[in-house]
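Visitor: The following comprises the amino acid sequence and a computationally predicted model.
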Amino acid sequence: MRVTMIGAGYVGLVSGACLADFGHNVTCIDKDAGRVAALNRGEIPIFEPGLTDLVEANVRQGRLAFAVTGSDIGRAEVVFIAVGTPSRRGDGHADLSFVYGAVREIAPQLSRTAVVVTKSTVPVGTGDEMEHILREERPDAEIQVVSNPEFLREGAAIRDFKHPDRIVVGTDDARARDVLTEIYRPLYLNAPPIIYVSRRTAELIKYASNAFLATKVAFINEIADLCEQVGADVQEVARGMGLDNRIGSKFLHAGPGFGGSCFPKDTTALLKTAQDNGVALRIVEAVATVNEQRKRAMARKVLAALDGSVRGRTIAVLGLTFKPNTDDTRDSPAFPLITALHDLGATVRGYDPAGMEQAKPHLPSVIYCHSAYDAAEGADAVVIATEWEQFRALDLARLKSVMAQPVIVDLRNIYRADEMKRANFRYFAVGRPGVE
Ligand SMILES: NC(=O)c1ccc[n+]([C@@H]2O[C@H](COP(=O)([O-])OP(=O)(O)OC[C@H]3O[C@@H](n4cnc5c(N)ncnc54)[C@H](O)[C@@H]3O)[C@@H](O)[C@H]2O)c1
């Protein structure tokens, strides 16, 4: 099928490349001319494992192309909207200006029977408003608006797109439903369930899913706090819980709080929707509050590890992205931690395998380093903020030899206390008391 993808960011680029790989003819359109020029030179503007090869192969085979906003999309049968929906300043509602802007831009060009599919995460009712805009702009046409929320995770995005747990299609229109079925037909071999629901239901499934996962993270983080007080080990608690199929082991890793481009903004937007509709989502409210407080509180862990003060001390922070295998630093828990350390008078040396360029404008006073060992040079403590593979097996003797004192604060629980003890480190983790 002829597909246009509006927005060539983390979701649009991955989805576009995967749909091309399924055999569809895809054009990814972005308003960022620099991004499009880079893509046309074969440069991938984001870090996502496997994406460079996938894009290159599909461009070479003539199924994937890139163009700037305003380019011709007239022949596309399906137009996906994958633009950003960040938090709106002031009230936390999802900022839908990019979505509505994109709809207005494409409206004059759409074929009379095009299907417009929203991949962006949008609040309930957004599809209705998009339909309203299209009816206004194109009274001649029978364009359908479908909700098809995306569940891929950065860092494993291609695998997630090609092997989804489920595909959610929100429409009441039979023709649109057939078009979406055809789009995802290449996945039938893997037989993922396709759930056909109403558009509003589809929109809410996405927010409810993210809020639920965020709840698991916030829950285990609070249990970690309790573990520290009562002498239990949160990793063993999580394992003991997660083996119960009704609970599941995913998203039960205690750490510095959730971040990223989705959970924080999506929980806030869901709360806003609930508020606007006179419904109290008290659990989600608590999750958002608990998580916000937790991120900055992580600095207290570093303080405790350095006997109550970091003033004049040097702290190495390993990992600036919100999780490994991405260059995305949006709402990364490392940021409030670093800001708090700065506020407390510390010098911060930072290293991240992929996220330093994104971090620099937000954290200009960090000393950016070339490696974990470079960051640890002269440091009074190393803080592991993101569990990149390359931080999992650091040469502890080498690390110790360059540090001012051997202290590690492991906010991701990736090391074992006994190996740290053998290497003569003072070791602090999350929800594992007595590991020092
Ligand atoms: N990143 C994720 O892991 C993820 C996962 C699932 C869902 N989502 C949702 O998908 C949506 C996109 O997220 P993202 O992370 O890919 O965002 P992003 O910021 O990486 O990409 C958005 C892109 O859209 C482009 N854009 C904005 N307005 C445009 C317009 N009018 N025409 C053409 N291009 C335009 C921007 O230039 C940018 O390149 C959001 O709603 C997000 O919540 C994201």
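Guide: Alright, I've got the coordinates. Since we're looking at a predicted model, the values are computed, not measured.
Visitor: Buried residues, the host helix or strand of R177. List them.
Guide: Using DSSP states H and E, the secondary-structure element containing R177 is helix 174-183. The neighbour-count check on helix 174-183 (16 or more other Cβ atoms under 10 Å) flags 176-177, 179-180, 183 as buried. The way it works is simple: take the backbone N, C-alpha and C, and place the C-beta from them, glycine included.
Visitor: For the residue of the stretch 1-150 of the chain found nearest the ligand, which residues are in contact?
Guide: As assessed by Cβ to the nearest ligand atom, the ligand sits closest to G9 within the stretch 1-150 of the chain, at 1.8 Å. Going by Cβ atoms under 8 Å, 6 or more residues apart in numbering, G9 touches 30, 46, 82-84.
Visitor: do R311 as well
Guide: 344-346.
Visitor: Residues of this structure that sit close to the ligand?
Guide: 6-12, 29-32, 35, 69, 82-85, 98, 101-102, 105, 119-121, 150, 152, 154, 261-262 (Cβ under 6 Å from any ligand atom).
Visitor: Around R349, how many other residues sit close by?
Guide: 21 (other Cβ atoms under 10 Å).
Visitor: cool, and the one 5 residues further on?
Guide: Taking other Cβ under 10 Å as the neighbour definition, A354 ends up with a count of 20.
Visitor: do the same with D53
Guide: With other Cβ under 10 Å as criterion, D53 counts 12.
Visitor: Now it: which helix or strand?
Guide: Per DSSP H and E: helix 51-60 holds D53.
Visitor: what's the angle from the very next helix or strand once past that helix to helix 51-60?
Guide: Per DSSP H and E, helix 51-60 leads on to strand 64-68 as the next helix or strand towards the C-terminus. Calculated by axes from the mean of the first three to the mean of the last three Cα atoms, to 10 degrees, strand 64-68 forms an angle of 90 degrees with helix 51-60.
Visitor: Residues contacting the helix or strand that strand 64-68 is followed by, please?
Guide: Once strand 64-68 ends, the next helix or strand along the chain (criterion: DSSP H and E) is strand 78-81. For strand 78-81, contacts defined as Cβ under 8 Å, 6+ apart pick out 1-7, 12, 15-16, 73, 99, 102-103, 106, 110, 114-120, 130, 148, 179, 183.
Visitor: average pLDDT for the next helix or strand after strand 78-81?
Guide: Scanning forward in sequence from strand 78-81 by DSSP H and E, the next helix or strand is helix 97-106. Averaged over helix 97-106, pLDDT sits at 97.
Visitor: Now do the buried residues in helix 97-106.
Guide: 98-100, 102-103, 106.
Visitor: which helices and strands sit right next to it?
Guide: The helices and strands touching helix 97-106, judged by 3 or more Cβ pairs under 8 Å, 6 or more residues apart in numbering; DSSP states H and E, are strand 2-6, strand 78-81, strand 115-118, helix 126-137.
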